[in-house]
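J.: no FASTA, just this:
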């Protein structure tokens, strides 16, 4: 594009997006044909002079989703807009809503849905509408009986998803992490617990989140680990946990001893499932999100725009946008 065309494309974009003029009106102002105006607007978009943003809470970033599928080998990806978000709680809510929408649209409806627990999955359960499925068995895939006085959300989450889906919930009546290996082995050998684990291993789809390895860990909140325990895991290379199992940047278990005392589905089962859905959002989880995706723990990723861009090694436009850059506006669709 020559310099004169570049300036014309910027001027056409300003008239179209800022002054809300039609292409015919722009043609009259610039003394150009409507066809030429359309070509200038397309050139402005292609050269990065225009950035379109849909800021509704359910808005998705379709080009980024396409890149995640193509470049990272995901079967599917859902990316929600980070524009206009006020805090991590709102971002998590948007992502949880997207996960609820995805579950509702999933076809075929999973006969048995294996789920983890935690704040994100609890919020997904709250966003699901009644009748999202017509009969689904929800099975808990990792232990979640809280060890402190605060009520846990594991059972509540599973029951809520199942109830709204017209089905039943199968709970795993066990803590997530045991203090002694022999206790863990005894619990897993219990007939009731082993039956749940077998059902979890045969689920047709999985829905899980991931936790960052920091002081906000749900395992600290639930009394399984102390802040010092988590810092020691970080020292060993942990970037976060998936279904209670702490992994490094390559998706490897960082503490085999701790992992041996953890009750629940193994990570290899998530990797083997054709429908393994990870719901991860927030800047604190960029590292664990990368570990989950790059070690193939999920086939479907539901996340926010900034997390998605971090996976693609690109800066977020919401942090790097130049207010002086010509025609960076979010007003309406291009022609």
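T.: Nice, thanks for sending it over. Computed from a predicted structure; not experimentally measured.
J.: where exactly do the strands run in the chain?
T.: 76-80, 112-115, 137-140, 168-170, 205-208, 210-212, 240-242, 245-247, 276-279, 300-304 (DSSP state E).
J.: Each with direction, which strands does the third one pair with?
T.: Meaning strand 137-140. When pairs are called by DSSP bridges, strand 137-140 turns out to pair with strand 112-115 (parallel), strand 168-170 (parallel).
J.: got a list of contacts for it?
T.: With contacts defined as CB atoms under 8 Å, 6 or more residues apart in numbering, strand 137-140 is touched by 111-117, 154-155, 158-159, 161-162, 165, 167-172, 196, 199-200, 203. All C-beta atoms are positioned from the backbone trio N, CA, C, and that covers glycine.
J.: Same check on the first one?
T.: Residues external to strand 76-80 that are found in contact with it (CB under 8 Å, 6+ apart): 57-61, 64-65, 68-69, 94-95, 97-99, 102, 281, 299-305, 308.
J.: With the fifth one instead?
T.: Surrounding strand 205-208, the residues in contact under the criterion CB under 8 Å, 6+ apart are 99, 103, 106, 110, 112-116, 121, 124, 141, 242-243, 265, 269-270, 273, 275-279, 298.
J.: check contacts around residue 6.
T.: With contact taken as CB under 8 Å, 6+ apart, residue 6 is in contact with 43, 47.
J.: Need the pLDDT of it.
T.: At residue 6, the model reports a pLDDT of 84.
J.: measure it to residue 46 for me?
T.: 11 Å (CB to CB, to the nearest Å).
J.: What of residue 119?
T.: Distance from residue 119 to residue 46, by CB to CB: 41 Å.
J.: and the two? which has more neighbours close in?
T.: For residue 119 versus residue 46, neighbours defined as other CB atoms under 10 Å are more numerous around residue 119 (17 against 11).
J.: pretty sure that one is touching residue 92, no?
T.: Yes - using CB atoms under 8 Å, residue 119 is in contact with residue 92, at 7.4 Å.
J.: neighbours of the residue nearest to residue 246 when sequence neighbours are not counted, just the number please.
T.: Nearest residue to residue 246, sequence neighbours excluded (CB to CB, 6 or more residues apart in numbering): residue 238, at 4.4 Å. Residue 238: 26 surrounding residues under other CB under 10 Å.
J.: now residue 238: how far from residue 259?
T.: On the measure of CB to CB, residue 238 and residue 259 end up 11 Å apart.
J.: distance of residue 191 from residue 197?
T.: Using CB to CB, we find residue 191 at a distance of 11 Å from residue 197.
J.: Pick out whichever of the two has more residues nearby.
T.: Between residue 191 and residue 197, residue 197 has the larger neighbour count (other CB under 10 Å), namely 21 against 6.
J.: ok, that one - contacts?
T.: Counting by CB under 8 Å, 6+ apart, residue 197 touches 172, 188, 264, 265.
J.: could you flag which of these are buried?
T.: 172, 264, 265 (16 or more other CB atoms under 10 Å).
J.: is it true that the first one touches residue 200?
T.: Yes - the pair residue 172 and residue 200 passes the contact test of CB under 8 Å, sitting 7.4 Å apart.
J.: shared neighbours, those two?
T.: 139, 140, 141, 264.
J.: What's the per-residue pLDDT of residue 1 here?
T.: 46.
J.: just the helices in the stretch 51-200 of the chain please.
T.: 62-72, 88-105, 119-127, 154-164, 181-189, 191-201 (DSSP state H, counting those that start in this stretch).
J.: Throw these into CSV and include distance to residue 213 and mean pLDDT, thanks.
T.: As requested, these are arranged in CSV below (distance: least, CB to CB, whole Å; pLDDT from 0 to 100):
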stretch, distance to residue 213, mean pLDDT
helix 62-72, 22, 90
helix 88-105, 16, 92
helix 119-127, 15, 94
helix 154-164, 20, 93
helix 181-189, 21, 92
helix 191-201, 24, 93
